[in-house]
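Asker: here's a sequence, model it:
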Amino acid sequence: MSTPVPARALLVRGLLAGLLAGLVTFAVAHQVGEPSVEQAIALESTAPPGHDHAESTPAHSHAEEDAVVSRTVQRTVGLWLSTVLVGLALGGLVALGAAYAVGRLGSLSAAQSTAVVALVGFVSFTLVPFSKYPANPPAVGSGETIGERTAAYFGFAALSLVLAVLAVVAAVRLARHLDGYAASVAAGTGYLALVVSVGVLLPAGEDVGAYPAGVLWAFRTASLVVQTTLWAVLGLVLTGLVGRLSARARHEVARRQLAASL
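Answerer: Numbering: from 1, shown residues only. Prediction:
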C-alpha cells in the first residue's frame, strides 16, 4: 500500500514538472518541428496559382492572407509561450490525476501510480487520437472545415481518455480475482477493442490529395516527436518528484511511530 501524499504538494510538483517539460518541448519544437513547418509553408507559397495539394479542398495560401502574428514571433515567443502554458496545464492535470490514483491502484507505490497516470494520459489523449487524425501541414485542409476537424479530434481524444480510465478501473477490479498481468492484459484488450470500434465509426481525416509524401511524413513525425517529448519529460520528472515526496512521507511516518513507541 502506497504512502498517502498531500494533493497540494503533488499539484505544486506537477506544475514544476510541467514547466520544465514545456521548456524542453520548446527547444525540441524549435529545432525539430519548426523546420518541417517552414518547409510546408515554403511549398505552399511556391505552388502555382489555383493549385491545391489536397484535391478535395479549395486552394488557399498563407502568403495570400494577412498574418496577424509574424512567423518570427510564432516560432520564438509564440512557440515558447504555448509550450510552457500547455506544459503547466498538463502538469497540473496529471498531478491531480495522480493524487486521486495514489492508493487506488492496488499495491503500486505513489511514484508507480504517477507513472501509470502519465502513460495512460499519453496513450489515450495523444497517441490514439493521433493515429486517427494525424497532424497535417498548413497547406492541407480547408478553413471552412477547421471547426469540424477540431471537434472530431478532441471528441475522439476525450472519449479515448474516458475509456482508458474505465480500463484502469476494470484492471484494478480484475486484479482481485486474477494476477496483475492477466488483469492488465484483459483491460487493455477491452480498451483497444472499444477505441478501435469508435475510431472506425468516426469520419475520416482530411484528404491530403497529391501533397508530397516526404514533406507530409516529416511534418507528422516532428509533430509526434514534440508531443511525445512533452509527455515523456513531464512523466519522468513528476514520477521522480513524487517518489522523493513519498519517501519523505514514509520517513516522517516512521519517525513519528518511533517517537510514539518511546
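Asker: any idea of the mean pLDDT in whichever strand or helix holds S184?
Answerer: Using DSSP states H and E, S184 sits within helix 180-201. In this model, helix 180-201 has an average pLDDT of 92.
Asker: ok, residues contacting it?
Answerer: Helix 180-201 has contacts (Cβ atoms under 8 Å, 6 or more residues apart in numbering) with 106, 124, 128, 131-132, 156, 159-160, 163-164, 166-168, 170-172, 174-175, 177-178. Bear in mind the C-beta positions are built from the backbone N, C-alpha and C, glycine included.
Asker: switch the cut-off to 7 Å
Answerer: 106, 128, 132, 156, 159-160, 163-164, 167-168, 170-171, 174-175 (Cβ atoms under 7 Å, 6 or more residues apart in numbering).
Asker: buried ones among these?
Answerer: Among the contacts of helix 180-201, those classed as buried by neighbour count (16 or more other Cβ atoms under 10 Å) are 128, 132, 156, 159-160, 163-164, 167-168, 170-171, 174-175.
Asker: so of the residues you listed, which ones are in helices?
Answerer: Among these, the residues falling in helices (DSSP state H) are 128, 132, 156, 159-160, 163-164, 167-168, 170-171, 174.
Asker: among those, which one sits closest to E252?
Answerer: V168 (29.0 Å; Cβ to Cβ).
Asker: so where's the stretch 1-150 of the chain uncertain?
Answerer: 1-4, 44-67, 139-145 (pLDDT under 70).
Asker: and for S70, the neighbour number?
Answerer: 10 (other Cβ atoms under 10 Å).
Asker: ok, it to A89 distance?
Answerer: Distance, S70 to A89, using Cβ to Cβ, to the nearest Å: 26 Å.
Asker: go on, E206?
Answerer: 26 Å.
Asker: the two: who's more crowded?
Answerer: E206 (20 against 13).
Asker: before we move on, which element is Q227 in?
Answerer: helix 213-261.
Asker: which other helices and strands contact that helix?
Answerer: Under the contact criterion of 3 or more Cβ pairs under 7 Å, 6 or more residues apart in numbering; DSSP states H and E, helix 213-261 touches helix 7-28, helix 34-45, helix 79-101, helix 110-122.
Asker: report the angle between it and helix 34-45.
Answerer: 150 degrees (axes from the mean of the first three to the mean of the last three Cα atoms, to 10 degrees).
Asker: still on that earlier bit, how about the contacts of helix 180-201 in TSV, adding distance to A21?
Answerer: Below are those laid out as TSV (distance: Cβ to Cβ, whole Å):
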residue	distance to A21
G106	27
V128	20
K132	25
F156	24
L159	25
S160	21
L163	25
A164	20
A167	25
V168	22
A170	29
A171	26
L174	32
A175	30
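Asker: between those, which is closest to A29?
Answerer: The closest of those, once distances to A29 are taken by Cβ to Cβ, is V128, at 21.5 Å.
Asker: and that closest one, what does it touch?
Answerer: 160, 195.
Asker: that one and P138: what is the separation?
Answerer: Taking Cβ to Cβ, one finds V128 at 24 Å from P138.
Asker: ok, how many other residues are close to the nearest residue to T76 once chain neighbours are set aside?
Answerer: Once flanking residues are discounted, T76 sits nearest to H30: 7.8 Å by Cβ to Cβ, 6 or more residues apart in numbering. H30: 16 surrounding residues under other Cβ under 10 Å.
Asker: over to H30: give its phi and psi.
Answerer: The phi and psi torsions at H30 (degrees, to the nearest 10) take the values phi -70, psi -40.
Asker: sorry, back to before: can I get the buried ones among the contacts of helix 180-201 in CSV with distance to R250?
Answerer: As requested, those are arranged in CSV below (distance: Cβ to Cβ, whole Å):
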residue, distance to R250
V128, 35
K132, 42
F156, 40
L159, 38
S160, 35
L163, 34
A164, 29
A167, 30
V168, 24
A170, 30
A171, 26
L174, 28
A175, 23
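Asker: determine which two of the ones in helices among the buried ones among the contacts of helix 180-201 are furthest apart.
Answerer: Pairwise distances among those were taken by Cβ to Cβ; the largest, 27.3 Å, belongs to K132 and L174.
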